[in-house]
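# no FASTA, just this:
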């Protein structure tokens, strides 16, 4: 590969104080890179759990009339599988990679609110752990990830599972909203000099769009689920028709969040693809503004298509027609992205690295998922396909074939930056092909069984419906899919120890994160770069091939450096970074403990002792939050150049 | 070389899968949406087919462009010169924004036409009320004078309008070969009109997750020729004759008269949940069991109708349908085998002749 060789500069790691307790630098960290890695690792653990749930379900469905799982356990598993993959895997994985990469891409030293960032990660973990605690305390949530009323009312779902679901997701929801605000402020305020909005990398663009979506979509979900909690715990009647409530209200509230959520899951990944394809085609992205603005368009349109999840509920033909039309319109910006990605590779020097294979796999599978989505946008066809396995196929082509293949592209692409080691390319390619093929073996037949009338969310089915063989094939596919994940884990573990050492810029890339050592020092940039184009690093490396790519008043070359003298590096100790603090973690822990109390606050299990214990948890939680807020203020004053001791 | 071999496996797998898909698409499976016998489902299929072929066209063009681009512009040499830095073309962008828009417009127009036809409620349609319960279907004719469960009898060639309701949680009413899904929602009434075009027995499902035994909530639609349907309705409206006869089940001889007495016995609680017209059984919680001997299945489509399967259900309902209400009363051993045999004789004896069409 014709990668320009650059001197690998060794920069001493963060000068942030590290105590005697080695974990302290992680648990009390406010460094966006460490927080990003905690997000990524925990999301991957949840990916394993969600995958195990999926495999158990597939074993049950591998043969008709199977009794491997009971109906109730199966229902818990599909509820937790979806909840895990959506809220505890793809979302935090996106956030983790975004956390790590976005500040580096825009030339910032950290996120705008580093302590809030730390709060988000611990709150997300608290919410995830709370959700999984439900398995040990009498039953996981069993009402589906969509939690339709009135099935989730306490008389139809008497275990505490749904309470864990509401409160666990409530915590991750706070984490998401805080994280989204943090991203917005960071992207809008902390870009390096010269990086105007229309010079931002597309991954940053998509994170910005998604952050706005989160801010508008999550509150609806939070309000809805708190109302559901009131129904379950305090006899509220928001969604219970028997008491004058409205079951449809829940569906509208849920999908008004639930559909934008789909774009929360896919848009950051589309951003990753928009970074990876140009680098490995050695060209700029084709139609930068069209790719960016189609993302913005999808973000807006995503809010007016929610009721296409509800074509069968009797909204009437006019309402259905509106939501059908809006859903079809959203295919246009999505198509624009796909065409631009293909055009980016056109006439390029396409290098099929593992990251590139995954990116191409993403486009290929997303085309299938997008096309199957068109039939679902047509209400009459939808009435045959909705709630059947056809939808299961469609959503996995979009979320697995789309989001997860794209996340693997991102993983192979940024792993060297994050760890300083290259992932093994040969193993990576083998893993890619096993995963791509077994993904299709697992999910393609679901289109067929769905068309052949197999409803979704059934724990078993009778023989002789014509579904047996396909279900068996799907189950076999799952095992190969799991095998490909194991290969990836092996690749990560062995590469961390023995992988090729990564240079600053192993892929001959274009954006600022590749100007830094791999991994970057805690303060990121010794000197904040001055940006004069969309591809500052590329233009510095190939001044003659830069092309007409400046998009701004100044056409002077960008000032990016990644070679520093020892003297300069020694000056890094003067860079002021926020200090370690446990306050965000204590605050998140307090909220998690209080949430656990709220699960049981009005439960009759074991009578009074339960309620007293629940109240105790809530009080402990409140005290922890109070302590954390005080600590937070003290720490902020310590770090503030205006309020505390000056450095 | 090896890389190319690997690459060729993908289209091969896709080809094999699509061949298999085509084959199974051509088979008239019990619940397929591709062989329709009702106007509602047929209109959907007539919309699906052109949309499907358009989708195939789009797939071939876009996927083809992707694969072609990757193969053609794959890096041939390690030190290839930097390619031309093309970064956009507004005309091309406008073109590929408009092209999908045109395809979608065509699909939208076709969609709205089908939707208008399928949401039309013919005023002359025969009205049937369908109520979803956890986990069975109740059907009422003629303002509730005829009530049955899990077997929906309809006339061929006449539109029926199903008035859909739910007694507890949401359910979703689906007969793949006759009509698309419509939700049954507590506190809301939905309407679905369709017409069976051929006599037959068709599969129906609850398609919305509705709790523990959602997977065990099926029904059958029995579409009879107009004359047969009229006969069925007249027969069903009459009160069943006094229990009489025997049945051989569990190696015992069940006696219908004894069974009727057990059913009516308040201590056994059958009558507090079930109705059998002309008897003291007036419970409204469970399905109406009048003329149970005519049922096609047991426990909402779980088991084919047979005296053995009835006995199986009466021995332990929970083993067949986890979470069902009857299982709270009848557990393993609650009913003695002789009592079960008697009840089976009673219920099985309560029937009249119907000119049953074939399963379609």
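Nice, I can see it. This is a predicted model, so every value here is computed, not measured.
# for the closest residue to chain B within the stretch 101-250 of chain A, what are its contacts?
Residue nearest to chain B within the stretch 101-250 of chain A: residue A:241 (2.9 Å; C-beta to the nearest C-beta). Using the backbone N, CA and C atoms, a C-beta is placed for each residue, glycine as well. Residues near residue A:241 by C-beta atoms under 8 Å, 6 or more residues apart in numbering or on different chains: A:150, A:247, B:185-188.
# and for residue A:298?
Going by C-beta under 8 Å, 6+ apart, residue A:298 touches A:209, A:263, A:267, A:330, A:333-334.
# can you pull the pLDDT of it?
We have a pLDDT of 96 for residue A:298.
# out of the contacts of residue A:241, who's nearest residue B:310?
Nearest to residue B:310 among the contacts of residue A:241, counting by C-beta to C-beta, is residue B:186 at 30.5 Å.
# for the closest one, phi and psi?
When read as degrees, to the nearest 10, the backbone of residue B:186 gives phi -60, psi 130.
# that one: neighbour count?
Around residue B:186 there are 22 other residues, counting by other C-beta atoms under 10 Å in any protein chain shown.
# next: the one 10 residues further on.
The burial count assigned to residue B:196 is 28, neighbours taken as other C-beta under 10 Å.
# tell me where chain B has helices.
Counting by DSSP state H, the segments of chain B that form helices are B:2-25, B:39-72, B:90-119, B:226-237, B:256-264, B:270-273, B:307-315, B:317-320, B:326-329, B:337-349.
# of the ones you listed, which stretch is the most buried?
Stretch with highest mean neighbour count among the helices of chain B: helix B:337-349 (a mean of 24; mean count of other C-beta atoms under 10 Å in any protein chain shown).
# now do it against helix B:307-315, angle only.
On the basis of axes from the mean of the first three to the mean of the last three C-alpha atoms, to 10 degrees, helix B:337-349 is oriented at 130 degrees to helix B:307-315.
# any idea of the angle helix B:337-349 forms with helix B:256-264?
Angle, helix B:337-349 to helix B:256-264, by the same axes, to 10 degrees: 100 degrees.
# how far does helix B:337-349 sit from the chain's center?
Chain-centre distance of helix B:337-349: 29 Å, with C-alpha atoms, centre = their mean, to the nearest Å.
# so which elements touch it?
On a contact count with 3 or more C-beta pairs under 8 Å, 6 or more residues apart in numbering or on different chains; DSSP states H and E, helix B:337-349 meets strand B:246-249, strand B:252-255, helix B:256-264, helix B:307-315.
# what lies in contact with the last one?
When you say that, I think you mean helix B:307-315. B:247-250, B:298-299, B:303, B:320, B:330, B:332, B:335, B:340-341, B:343-344, B:347-348.
# quick one: which of the contacts of residue A:298 is nearest residue B:114?
For the contacts of residue A:298, the closest approach to residue B:114 (C-beta to C-beta) belongs to residue A:330, at 20.8 Å.
# over to the closest one: give its phi and psi.
Residue torsions, per degrees, to the nearest 10, at residue A:330 are phi -70, psi -20.
# what is the neighbour count of it?
23.
# give me the number of residues near the residue nearest to it when sequence neighbours are not counted?
What sits nearest to residue A:330 in space, not counting adjacent residues and going by C-beta to C-beta, 6 or more residues apart in numbering or on different chains, is residue A:301, at 4.5 Å. Using other C-beta under 10 Å, the number of residues around residue A:301 comes to 20.
# I'd like the helices of chain B written out as CSV, with mean pLDDT added.
Formatted as CSV, those follow (pLDDT from 0 to 100):
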stretch, mean pLDDT
helix B:2-25, 63
helix B:39-72, 96
helix B:90-119, 95
helix B:226-237, 96
helix B:256-264, 95
helix B:270-273, 94
helix B:307-315, 96
helix B:317-320, 94
helix B:326-329, 94
helix B:337-349, 96
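# and the helices in the stretch 301-450 of chain A?
A:317-329, A:331-345, A:354-377, A:379-385, A:389-398, A:405-419, A:425-451 (DSSP state H, counting those that start in this stretch).
# out of those helices, which is closest to chain B?
Comparison of these against chain B by C-beta to the nearest C-beta identifies helix A:379-385 as nearest, at 2.7 Å.
# and the contacts of stretch B:88-97?
A:286-290, A:332, A:335-336, A:339-340, A:343.
# let's see 6 Å
With C-beta atoms under 6 Å, 6 or more residues apart in numbering or on different chains as the test, stretch B:88-97 has contacts from A:286-287, A:290, A:336, A:339.
# now for those, which pair is the farthest apart?
Greatest spatial distance in the contacts of stretch B:88-97: A:286 and A:336, 10.7 Å, computed using C-beta to C-beta.
# quick one: low-confidence residue ranges for chain A.
Applying pLDDT under 70 to chain A picks out residues A:1-22, A:544-557, A:562, A:641-647.
# so which residue is dead centre in it?
residue A:91 (2.2 Å; C-alpha atoms, centre = their mean).
# who's in contact with that residue?
By C-beta under 6 Å, 6+ apart, the contact list for residue A:91 is empty.
# residue A:28: which of the helices of chain B is closest?
helix B:39-72 (46.2 Å).
# from the chain's centroid, how far away is the closest one?
In terms of C-alpha atoms, centre = their mean, the centre of helix B:39-72 is set 27 Å apart from its chain centre.
# cool, stretch A:331-346 as well?
Distance, centroid of stretch A:331-346 to centroid of chain: 22 Å (C-alpha atoms, centre = their mean).
# who's more crowded, residue A:286 and residue A:336?
residue A:286 (27 against 22).
# ok, now how distant is the closest residue to the more buried one other than its chain neighbours from residue B:269?
Once flanking residues are discounted, residue A:286 sits nearest to residue A:343: 3.8 Å by C-beta to C-beta, 6+ apart. To residue B:269, residue A:343 is 72 Å away according to C-beta to C-beta, to the nearest Å.
# give me the more crowded residue out of these two.
The neighbour comparison of residue A:343 against residue B:269 (other C-beta under 10 Å) goes to residue A:343, with 26 against 14.
# isn't the more buried one right up against residue A:284?
No: with contact defined as C-beta atoms under 6 Å, residue A:343 does not count as touching residue A:284 (10.9 Å).
# not counting sequence-adjacent ones, nearest residue to residue B:345?
Leaving aside its chain neighbours, residue B:345 sits nearest to residue B:254 (3.4 Å; criterion: C-beta to C-beta, 6+ apart).
# centre of the chain to stretch B:121-132, how far?
17 Å.
# does any bit of it sit next to chain A?
No: shown here: stretch B:121-132 not in contact with chain A (C-beta under 6 Å from any C-beta of the partner chain), separated by at least 11.0 Å.
# neighbours of residue 190, how many?
All of this refers to chain A. Number of residues near residue A:190 (other C-beta under 10 Å) recorded here: 18.
# not what I meant, chain B
For residue B:190, using other C-beta under 10 Å, the count is 19.
# tell me the bridge partners for it.
residue B:164 (DSSP bridges).
# can you tell me which residues contact residue A:621?
A:590, A:593-594 are the contacts of residue A:621 under C-beta under 6 Å, 6+ apart.
# rerun at 7 Å
The contact partners of residue A:621, by C-beta atoms under 7 Å, 6 or more residues apart in numbering or on different chains, come to A:590-591, A:593-594, A:597.
# dump these to a markdown table, plus neighbour count, secondary structure and distance to chain B.
Shown next, in a markdown table, are these (neighbours: other C-beta atoms under 10 Å in any protein chain shown; DSSP: H, G, I helix; E, B strand; the rest coil; distance: C-beta to the nearest C-beta, whole Å):
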| residue | neighbour count | secondary structure | distance to chain B |
| --- | --- | --- | --- |
| A:590 | 22 | helix | 35 |
| A:591 | 26 | helix | 31 |
| A:593 | 21 | helix | 31 |
| A:594 | 22 | helix | 30 |
| A:597 | 21 | helix | 28 |
